[in-house]
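K.L.:
Please find the sequence and the predicted model below.
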Amino acid sequence: MKKIILGLFIITSLLFGKELKDNMNGKLTDQMVLATLWMQKSGEYRALVYQTFNTAKLSFDNTKTKDGKKKAVVSDLDETLIDNGKMAGWQIENGVTYSSDAWHKWAQAREAEAIPGAVEFSKYVNENGGKMFYISNRSHKEFDAIKENLIDLGFPEVTEETLLLVKDTSDKAERRDQIEKNGYEIVMLLGDNLDDFDSEVRKKGNDERIKHVDKNKDKYVMCAGKYSKDGWTMVFKAKSIREAEELLSINSAKRESLRKQELINTQLMDNDRVLIPSWMNNN
């Protein structure tokens, strides 16, 4: 009898554990709904990213290098230059969180889209005395798919030299050093995570990361939105707070009057559905 009771208890525990995990995943994806809809549907999001790239152009024009080195602009990819919102939409509709298998299928599908203004900014850099480098912590095994996706979107000069993915370590410092060893000077960094800029706070807690940002507040300007995973932020370097304020005053979005609030349909009705990858429509 004891064995039977024990066996029933183990089966019940496993079932309860799976139900609890599924419930937690569902709650996490529910929290992604408004953020994903805002990125996919709102004019304000587009205004913010256009403003960021417009200001970044002005900042790039004002940078100078030493000893005649060529300017390098180093950027992260996901949620900085390219948008994976359709993947987030699929996660929401299916109540699932991140998995390496699903992400690999997404990468191979080559369906990531360009963040508004990202292609134009990248071309501007390459056409005005600089060179874009794309440093991402996507696996080097996905190099061909990512390269093809970027080229199809119109990003310039995507090559073995400029597209630097993970081989040995996710720490981007080594890849940034490699660029400078090749005769470039990095004048600007773009990303959606503090680890995209330096390694001081890598794997550190939020308190330490906040202190790091406060300590280096004169070096960066942040234009922040919301992304479903770690919080979406784009950053570009400015020489001073004064320069940053002057840059941000240009093309800033101004509201002439208060706008009537609109209800966002969190039930994902047809007219407000989050976009999902075409290869997952039938899943």
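P.N.:
In hand now; what should we look at?
K.L.:
Does residue 108 fall in a helix, a strand, or a coil region?
P.N.:
helix (DSSP: H, G, I helix; E, B strand; the rest coil).
K.L.:
Quick check: closest non-adjacent residue to it.
P.N.:
residue 145 (5.1 Å; C-beta to C-beta, 6 or more residues apart in numbering). Where you see a C-beta, it was placed from the backbone N, CA and C, and this is true even at glycine.
K.L.:
what's the answer for residue 178, then?
P.N.:
residue 164 (7.3 Å).
K.L.:
If you count contacts, what does the helix or strand that neighbour falls within end up packed against?
P.N.:
Using DSSP states H and E, residue 164 maps to strand 163-166. Judged by 3 or more C-beta pairs under 8 Å, 6 or more residues apart in numbering; DSSP states H and E, strand 163-166 is in contact with strand 130-139, helix 143-153, helix 173-181.
K.L.:
for the longest one, packing partners?
P.N.:
Looking back up the chat, that one is helix 143-153. Counting by 3+ C-beta pairs under 8 Å, 6+ apart, the packing neighbours recorded for helix 143-153 are strand 82-83, helix 100-109, strand 130-139, strand 163-166.
K.L.:
now do 6 Å
P.N.:
Helices and strands touching helix 143-153, by 3 or more C-beta pairs under 6 Å, 6 or more residues apart in numbering; DSSP states H and E: there are none.
K.L.:
Name the residues that touch it?
P.N.:
107-108, 110, 112, 114, 138, 158, 163, 165 (C-beta atoms under 6 Å, 6 or more residues apart in numbering).
K.L.:
Which of those residues sits closest to residue 194?
P.N.:
Using C-beta to C-beta, residue 138 comes nearest to residue 194 of the contacts of helix 143-153, at 18.5 Å.
K.L.:
what about the nearest residue to that closest one once chain neighbours are set aside, neighbour count?
P.N.:
Excluding the flanking residues, the one nearest residue 138 by C-beta to C-beta, 6+ apart is residue 165, at 5.3 Å. Residues within reach of residue 165, counting by other C-beta atoms under 10 Å, total 18.
K.L.:
My guess is residue 165 contacts residue 141. True?
P.N.:
No. Here residue 165 does not reach residue 141: they are 8.4 Å apart, not a contact under C-beta atoms under 6 Å.
K.L.:
List phi and psi for residue 76.
P.N.:
phi -70, psi 170 (degrees, to the nearest 10).
K.L.:
Hmm, it is touching residue 194, no?
P.N.:
No. If you go by C-beta under 6 Å, residue 76 and residue 194 don't touch, sitting 11.0 Å apart.
K.L.:
separation between the residue nearest to residue 154 when sequence neighbours are not counted and residue 153?
P.N.:
Counting by C-beta to C-beta, 6+ apart, residue 154 lies nearest to residue 119, which is 4.5 Å off, once chain neighbours are set aside. Distance of residue 119 to residue 153, computed by C-beta to C-beta, to the nearest Å: 6 Å.
K.L.:
do the same with residue 85
P.N.:
Distance, residue 85 to residue 153, by C-beta to C-beta: 14 Å.
K.L.:
where does the stretch 101-250 of the chain dip in pLDDT?
P.N.:
Along the stretch 101-250 of the chain, the model assigns pLDDT under 70 to residues 220-250.
K.L.:
so what's residue 254 scoring on pLDDT?
P.N.:
Predicted confidence (pLDDT) for residue 254: 32.
K.L.:
cool, and the one 3 residues further on?
P.N.:
pLDDT recorded at residue 257 is 31.
K.L.:
do the one 3 residues further on as well
P.N.:
Model confidence at residue 260, expressed as pLDDT, equals 28.
K.L.:
same question, residue 94
P.N.:
For residue 94, pLDDT reads 83.
K.L.:
For it, grab the count of nearby residues.
P.N.:
14.
K.L.:
Would you list the phi and psi of it?
P.N.:
When read as degrees, to the nearest 10, the backbone of residue 94 gives phi -110, psi 0.
K.L.:
Check residue 167 too.
P.N.:
According to degrees, to the nearest 10, residue 167 has phi -120, psi -60.
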